[in-house]
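1. here is my input, please return the structure:
(chains A and B, ligands or ions: 2)
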Amino acid sequence: MDFILKVWRQNGPDAPGRLVTYEATNIPPEASFLEMLDIVNAGLEARGEDPIAFEHDCREGICGSCGMMINGRPHGPGRGITTCQLYMRQFKDGQTIVVEPWRAKAFPVIKDLVVDRSAFDRIIAAGGYISINTGSAPEANSILVPKEDADLAMDAAACIGCGACVAACKNASAMLFVAAKVAHLALLPQGKPERRRRVLAMVAAMDAEGFGNCTNEGECEAECPKNISIAHIARLNREYLRAKFFSR
Amino acid sequence: MDTTLDAKVPSGPLERKWSDYKSTIKLVAPANKRKYTLIVVGTGLAGASAAASLGELGYNVLSFCFQDSPRRAHSIAAQGGINAAKNYQNDGDSVWRLFYDTIKGGDYRSREANVYRLAELSVNIIDQCVAQGVPFAREYSGVLANRSFGGAQVSRTFYARGQTGQQLLLGAYGALMRQVAAGRVRLFPRREMLELVVVDGVARGIVVRNLVDGKLESYVADAVCLATGGYSNVYFLSTNAKGCNVTAIWRAHRKGAFFANPCFTQIHPTCIPVSGDYQSKLTLMSESLRNDGRVWVPKQAGDRRHPNQIPEAERDYFLERKYPAYGNLVPRDVASRSIKAVCDEGRGVGPGGRGVYLDFADAIKRDGRAVIEQKYGNLFDMYYEITGENAYEVPMRIYPAPHYTMGGLWVDYNLMSNLPGLFVLGEANFSDHGANRLGASALMQGLADGYFILPVTIGGYLADARLPKLDTDHAAFKDAEREAAARIEKLLAVRGKRTVDSFHRELGLLLWDKCGMSRNETGLKELLEQIPALREEFWRDVTVTGSAGTFNQVLERAGRVADFLEFAELMVIDALERRESCGAHFREEYQTEDGEALRNDDLYAYVAAWEFTGVGNRPILHKEPLIFEYVKPTQRSYK
Ligand SMILES: Cc1cc2nc3c(=O)[nH]c(=O)nc-3n(C[C@H](O)[C@H](O)[C@H](O)COP(=O)(O)OP(=O)(O)OC[C@H]3O[C@@H](n4cnc5c(N)ncnc54)[C@H](O)[C@@H]3O)c2cc1C
Ligand code: FES
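-> Numbers count the residues shown, from 1 in each chain, chains lettered A, B, ... in the order given. Ligands and ions are numbered 1, 2, ... in the order given. Below is the predicted model of the structure:
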C-alpha cells in the first residue's frame, strides 16, 4: 500500500514546527502504524536524513509510550487501541495521513512527535498510591474484596498513562487519568483509609500542572485506548466533594 | 575449584538459611542510612521495588530508566501471572514444592539456596502487593483466585486479568513515587547508562547519557544496583519491548563483572508467528492459554485443509501424546522444541509451515464462551487485532519466539557481583532459573530481589565497606566519560550506508538459526566467524544520523546494537563450551533417544561465569560448582 504522510517536525521545545510531507510506499497491510513509520525512517536514515522521532517501547498496547494524533484523533481510527496496535489495513490505499504530537500546555513537545508527560508522574507522586512500607503487609487473604469491586477497580487500574485523554479533550483536561487512579484505589478496602487525602492532593497537583477543567465533553472516554469509563470521573467528583465536606 | 567465585551461601539447613542469615547480618543504623547514596538503574519490577524499599529504609536513592517514566519499564508487559506458594487451593502446594519445581524446571543448573529463598519469599510478595492495592483476580467469596502455569501440577499463579505485570509494576511504581514525594528517591528518567565507574576495584558510580539533550552525566554513589532487564533483543525479533538491551550489564561486564550462563535463553512456545520482514517485534500469547487451549497439528504432513475441516482422528495433539502427565502444560523449553520438531517434519501450519494450532474449541464446548472470554478476552482481542482472525471460531496459530534470558551478571547469595558494590537484580542477574525459567516466576524473582533481598543484603555490605568520599571529578569518572564520548563520536563518524536496524536484523537471524532453539558445534563455530565479520562491517558501514548533543534515537539504537554485536560472541562461546543439553540449551549432539535434553552432571554441573579480556579476545571461564544437597538431579521427565 502507498500513503502520503504529513508529519509534524519540530526540533525542540522552543523551535518552530511544521508539517512535512513524506511518501510511504510499499507498505504491507499487516504492518502496524509504527512499523510503517519504521519503514519511512529506514529510508530517511539510508539517505542520511533525520528520521521522525516518536516514542514507543512495548509495541503491544500496554506501556503507554506511543501516542500521536493521527488524522486528528489520538491513536488514530479504531476504538480501544493504541497507536502501536493500529494496522495499516485500516487505511485506504493512497490515503493522506496527518500525524501530529499530543497538543497540550502540560505536555510540551520535546522533538517531532515526542512530548514530555512527566506531569503525570508528579500527579501520582502527590498521592496515587497506598502508603504501605515493604514488609508491613498483613496476610493477603485477610483482606476480602468482593469480586465486583475487584473487577471494577481493575477496569480503572487498566489505565496506561498514555495521555490520549488529555489530547482528546478540547480543554486538555487530565480528569480521566486522575479519576482512573482515584477510583481504582477508592474501590478497594485497602485504599479507603487515605481516600480523602489522596483525592485532594491529586486534584491539586493536576491543577498545578496546568491541565484544563473538565466540562463533561466525553471525548476522553471515546478515545481512551483502554476504554476507561467516564463514570470514574463521576466517582472522582463524589470522592472530592466528600473529602471537601469532611475536611472542614 | 575456582577460588575467585564465592557464592557466600550461608551454612545451616536449607529452610533456615535465609532467616538465620537475616537475623545475623550487619545493619546500618537508621540515622546513618541517609548518609549513603545508592544508584538503582532500572524501574521494572526489580528496580522499582528496590528503589522504593531502599527509600523507605532511609537511604538516599537515585533511580534511572531510559523511558520517559518509570512506569513504562518492560515489566509492564507481563501478562500471565506471578507464582506464590500460598497453597490457597489446598492442592498440596508448599514452599518446598515451589522450590523443587523451580530447581527441576531449571534442569538442575541453579543454586539450591537461592531458589529456596525465592520460594519462601513468594508468599510475602503477594501480601505486599495486595496491601498496595494490586487488583488481583478474586473469587465470588472475595478471596484471591489462582490459575495453573507450565511445569507445575498445582494451581499457584496469581493474576490480574491478562495484565499482571502492569498491575504489579504500577504497585511498585506507586511505592516509588511515594518515596519521590518524600524526597528519598530522585528520579532520572530518559537516561541511558553507558558506563559503570569502578574506583579501586569497587563500583562507585555510573555515566549516563541524557536522552533529551544528549549530554553525558556522571553520578557517584556508595553502591550501584543494576536492574536493567534481559537481553532477548539480541535476536532482534523477540517478545521484549523494543528498548530492552544488554548495554548496562555489558558495560559492567567490560569493567570486570562476570557474565554467567549467557547462552541460557528462553524461547517461549506460544507467540504469534512471524508474518513478514517488515516486522519489528513478536507478540506473546500468555502461557496461561495452555490451561485451556490444546496444541495440535495435522497428522499428515502437507495437510492444507482448514483446521475446522480436519477431523479429530486426523489431528495429532502431540504434547498430550508425548507427555501425558503434564500434557499441554509441559515447561516452555520442552514445548518449544516439540513444536519445532513437528514443523521440521513438515506438519506445521500457516505461512511457511512455521506454526501449530492452539485450539479452544473443547474448552468453549465445556465451559461456554463467556467463561473463556472472561479468562482470556484481552488475549483473544490482541490476537484478532494482529492477525485479523477470531480465535473463538478458528484455532490460534502459534510459534516459539525469544522471550527471556536466564543468563546475566553473576551474583552471590547477596545479589552482589564479583565487583564489590555492584548489585544485580531481576532478569539482569543469572541467579534463580538455571537453564530454563518456569512461567510466572520472573515477576516473583524481580519482586523478591527488590522488595525483600537487596534491602537486607546491601546493608550488610555497607556496614562493612570502607568507602572513601568521592566526587565526579575523580579520574575514574573522567575516564569513563571520555570512553563513552569516544564511542559516540566513533559511531557518528562512520557515515556508512547500512541502517542500524539492518545490522540488528542480520545478527538476530544468525543467532536464531544457529544459537536459538537448538544448537550444534558446526553452526556455533560458523557464528564465531560470522559475528566478528558483521561487527567489523558495522563499524565500517553503519549510518548514524544526527549529532551527539541532541535527542537522537538512531544513536541510542546504534549504541545498543554495537553492544549486542560484542555480547553475541560471548553467548556463542558459552553455548559451544557447554557440551551438554540442559533446559533451554539444546545441543543437538547431546540428546536422549526420544529427543529430550541430555544433561551431563559429571562435567557441567556448574555456573559458567565469564571474565572479559577485550573485544574479540577469548574470555576467561570461571566455574562455580553447583552442589545439590537437597534434591537429587535426575533426568527431567514430564511424561
Ligand atoms: C510479553 C512478556 C510477558 C511476560 N509475562 C510474564 C508473566 O506472566 N509472568 C512472569 O513471571 N514473567 C513474565 N515475563 C517476564 C518478565 O516480565 C520479565 O522478566 C521481568 O518483568 C523483568 O523485570 P526487570 O525488573 O528485571 O526488568 P525490566 O522490567 O525489563 O526493566 C528494565 C529497566 O531497566 C531500564 N534500563 C534498561 N537498560 C538501561 C540502560 N542501559 N540505561 C538505563 N536504564 C536501563 C529500563 O528503563 C527499565 O526501567 C514476561 C515477559 C514478556 C516479554
Ligand atoms: S508502544 Fe507501548 S503502548 Fe504502544
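2. low-confidence ranges, chain A, go.
-> Along chain A, segments meeting pLDDT under 70 span A:248.
3. near ligand 2, which residues of it show up?
-> Residues of chain A found near ligand 2 (CB under 6 Å from any ligand atom) are A:56-59, A:61-66, A:82-84. All C-beta atoms are positioned from the backbone trio N, CA, C, and that covers glycine.
4. switch to 5 Å and redo it
-> Residues of chain A that fall close to ligand 2, judged by CB under 5 Å from any ligand atom: A:His56, A:Cys58, A:Arg59, A:Gly61, A:Cys63, A:Ser65, A:Cys66, A:Thr82, A:Cys84.
5. residue contacts, residue 139?
-> Using chain A here. Residues near A:Glu139 by CB atoms under 8 Å, 6 or more residues apart in numbering or on different chains: B:Asp127.
6. hm, I was asking about chain B
-> By CB under 8 Å, 6+ apart, the residues touching B:Glu139 are A:Lys147, B:Ala145.
7. any idea how far it lies from A:Leu144?
-> Distance, B:Glu139 to A:Leu144, by CB to CB, to the nearest Å: 10 Å.
8. ranges for the strands of the stretch 1-150 of chain B?
-> If DSSP state E, counting those that start in this stretch is used as the criterion, the strands of the stretch 1-150 of chain B fall at B:37-41, B:60-64, B:82-83.
9. out of these, which is closest to A:Asp207?
-> Closest approach to A:Asp207 among these (CB to CB): strand B:60-64, 26.6 Å.
10. how about the helices in the stretch 251-400 of chain B?
-> Along the stretch 251-400 of chain B, counting by DSSP state H, counting those that start in this stretch, helices occupy B:318-322, B:332-344, B:361-367, B:369-387.
11. can you redo the ones you listed as CSV with mean neighbour count and distance to B:Pro30?
-> Converted to CSV, the helices of the stretch 251-400 of chain B look like this (neighbours: other CB atoms under 10 Å in any protein chain shown; distance: least, CB to CB, whole Å):
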stretch, mean neighbour count, distance to B:Pro30
helix B:318-322, 18, 54
helix B:332-344, 23, 44
helix B:361-367, 14, 54
helix B:369-387, 18, 44
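12. which of those has the lowest average pLDDT?
-> When the helices of the stretch 251-400 of chain B are compared on mean pLDDT, helix B:369-387 scores lowest, with a mean of 89.
13. name the residues that touch that one?
-> Outside helix B:369-387, the residues within contact range by CB under 8 Å, 6+ apart are A:60-61, A:81, A:85, A:87, B:79, B:147, B:161-163, B:272, B:275, B:283, B:285-286, B:288-289, B:292, B:360, B:363-364, B:389-392, B:396-397.
14. try it again at 7 Å.
-> Residues outside helix B:369-387 that contact it (CB atoms under 7 Å, 6 or more residues apart in numbering or on different chains): A:60, A:81, A:85, B:161-162, B:272, B:283, B:285-286, B:289, B:292, B:360, B:363-364, B:389-392, B:396.
15. repeat that for stretch A:37-51.
-> With contact meaning CB under 7 Å, 6+ apart, stretch A:37-51 is reached by A:5, A:22, A:24, A:27, A:52, A:54, B:278, B:280, B:497, B:499, B:501, B:543, B:545-546, B:554.
16. same check, this time on stretch B:324-335
-> Contacts for stretch B:324-335 (CB under 7 Å, 6+ apart): B:105, B:148, B:150-151, B:266, B:268-269, B:290, B:293-295, B:319-320, B:323, B:436, B:438-439, B:583-584, B:638-639.
17. same check on stretch A:175-186?
-> For stretch A:175-186, contacts defined as CB under 7 Å, 6+ apart pick out A:120, A:123-124, A:128, A:130, A:153, A:156-157, A:159, A:161, A:165, A:191, A:195, A:198-199, A:202-203, A:206, A:214, A:220-221, A:224, A:228, A:230, A:232-233, A:235-236, A:239, B:133, B:135.
18. before we move on, the earlier item: return a PyMOL selection command for the buried portion of the contacts of stretch B:324-335.
-> The buried residues among those can be selected in PyMOL (16 or more other CB atoms under 10 Å in any protein chain shown) with this line:
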select buried, chain B and resi 105+148+150+151+266+268+269+290+293+294+295+319+323+436+438+439+583+584+638
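19. picking that back up, now the helices of the stretch 251-400 of chain B in CSV, with distance to ligand 1?
-> Shown next, in CSV, are the helices of the stretch 251-400 of chain B (distance: least, CB to the nearest ligand atom, whole Å):
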stretch, distance to ligand 1
helix B:318-322, 20
helix B:332-344, 11
helix B:361-367, 20
helix B:369-387, 11
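20. circling back: so which of the contacts of stretch A:37-51 would you say is closest to B:Ser75?
-> Nearest to B:Ser75, judged by CB to CB, of those is B:Ser280 at 20.2 Å.
21. quick check, pLDDT for the closest one.
-> Per-residue confidence (pLDDT) for B:Ser280: 93.
22. ok, and the closest non-adjacent residue to it?
-> Residue nearest to B:Ser280 in three dimensions, not counting chain neighbours: A:Glu35, with 5.2 Å by CB to CB, 6 or more residues apart in numbering or on different chains.
23. just B:Pro10 next, same as before
-> Closest to B:Pro10 by CB to CB, 6+ apart is B:Tyr21, at 4.3 Å.
24. and the gap between that neighbour and A:Ala106?
-> Per CB to CB, B:Tyr21 is found 48 Å from A:Ala106.
25. B:Asn552 now?
-> 25 Å.
26. shared neighbours, B:Glu139 and A:Leu144?
-> When contacts are counted by CB under 7 Å, 6+ apart, the set common to B:Glu139 and A:Leu144 is empty.
27. hmm, back to that, buried among the contacts of stretch A:175-186? Make that a PyMOL selection.
-> In PyMOL, a selection of the buried entries from the contacts of stretch A:175-186 looks like this (16+ other CB under 10 Å):
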select buried, (chain A and resi 120+123+124+128+130+153+156+157+159+161+165+191+195+198+199+202+203+206+214+220+221+224+228+230+232+233+235+236+239) or (chain B and resi 133+135)
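28. in helices only, show me the contacts of stretch A:175-186.
-> Using DSSP state H, A:120, A:123-124, A:153, A:156-157, A:165, A:195, A:198-199, A:202-203, A:206, A:220-221, A:232-233, A:235-236, A:239 are the members of those that sit in helices.
29. buried stuff in the helix or strand that contains B:Arg557?
-> B:Arg557 is part of helix B:553-577 when elements are defined by DSSP states H and E. For helix B:553-577, the neighbour count (16+ other CB under 10 Å) marks B:553-576 as buried.
30. tell me which residue of the stretch 501-639 of chain B lies closest to ligand 2.
-> Using CB to the nearest ligand atom, the closest approach of the stretch 501-639 of chain B to ligand 2 is made by B:Gln553 at 13.5 Å.
31. you'd agree that residue is up against A:Phe54?
-> No. B:Gln553 is not in contact with A:Phe54 according to CB atoms under 7 Å; the separation is 8.3 Å.
32. could I get the full set of strands for chain A?
-> Along chain A, counting by DSSP state E, strands occupy A:3-10, A:17-24, A:69-70, A:73-74, A:96-100, A:109-111, A:114-115.
33. now, of those, which is deepest in the fold?
-> Greatest average neighbour count among the strands of chain A goes to strand A:114-115 (a mean of 24), per mean count of other CB atoms under 10 Å in any protein chain shown.
34. who touches that strand?
-> With contacts defined as CB under 7 Å, 6+ apart, strand A:114-115 is touched by A:Ala53, A:Phe54, A:Glu55, A:Pro101, A:Trp102, A:Phe107, A:Pro108, A:Val109.
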